[in-house]
Structure formats: structure tokens, C-alpha cells
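S.K.: Need a 3D model of the following:
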Amino acid sequence: MAQIDPAFLKTSEALGELPLSHVRLHADARFAWIVLIPRLAGARELEDLSSAARAQLMEEIVLASDAVRAVGQAIGRPSGKINVGQLGNITPQLHVHVVGRGPDDPAWPGPVWGFGEAEAYGPEDLAAATAAAKAALGL
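M.R.: Next up, the predicted model:
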């Protein structure tokens, strides 16, 4: 079992556990954004996963996409497009970003990474986003 990199703890809220991944809500209210972190020690790249684990991760990405759409609805930022990214340039622990996008988001159509400063969720929006994500994920 892998330890969660401390960087994730500073920038996201725990949502729960799926069969393969720890799931977190990224703490930037500008975007509906979920991060999946496979619980496999030492995993840095997709090729570090077995075929079965890669297939499970894809299922979890699809499920997280539904959750991102639910978060977007809950916070009044519907997601017309879902972006999925596995970068790891700054935090090398294997993780996948699932981000809701739309023409009205501040970074559109460019990437969200490195765009401006993150905006914290207010308490009501955080509660709504967390509840919507958990419901969509079945957590």
C-alpha cells in the first residue's frame, strides 16, 4: 500500500476509496476536479500497473468523470468537457487528474495546470461538491 504524497494532502480533500485508488477533490473551486491516486507502492507511471490494474484505473476514471460532472452541477459550473491527465512532473507518485472544463472556465481552452492561483472552496460549496462527488462515486 502506497503512502499518499503530502502534496496531495495540502491541495485536496479526501473523498474515499475505490477498489484501486484513493480519491480526492482538488481544492480549487474554479474547476470541478478529482484526483485518483492508485494505492500501489512505488507506482510512478501507467506501465508500473498490471494489465488488470490499468483496466481498473480506466473504470475508475470513467466513474470519476461522472463525479466531476456531479460536482460541476453542485457548484454551478457544469462541465461540458472532461479532461484527463496523468502528468506527475511535480508530484511523481502515480495519479490521474479528472477535470471538468467548459468555455466559461477561467483557463479555457488552455490547460488548467499552472493557470492563476487556486481559489478555495467556501464551506457551502465544499460541502455540496463533496456530497455530490461521493454520491456519484458510490462512497
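
S.K.: lowest-pLDDT helix or strand in the protein?
M.R.: helix 6-11 (a mean of 92; mean pLDDT, DSSP states H and E).

S.K.: Could I get the buried residue list for the very next helix or strand once past that helix?
M.R.: For helix 6-11, the succeeding helix or strand toward the C-terminus, using DSSP states H and E, is strand 12-17. Residues 12, 13, 15 are the ones in strand 12-17 that count as buried (16 or more other CB atoms under 10 Å). For the C-beta atoms, the positions are set from N, CA and C on the backbone; glycine is no exception.

S.K.: which residues of the chain fall in strands?
M.R.: Along the chain, counting by DSSP state E, strands occupy 12-17, 21-26, 33-38, 81-85, 96-101.

S.K.: Nearest the geometric middle of this protein, what residue?
M.R.: Centroid check for the chain by CA atoms, centre = their mean gives residue 34 as the closest residue, at 1.7 Å.

S.K.: unless I'm mixing things up, that one is touching residue 22, no?
M.R.: No - look at residue 34 against residue 22 with CB atoms under 8 Å: they stay out of range, at 11.1 Å.

S.K.: and of the buried residues of strand 12-17, the nearest to residue 105?
M.R.: Distance to residue 105 across the buried residues of strand 12-17 (CB to CB) is lowest for residue 12, with 18.2 Å.
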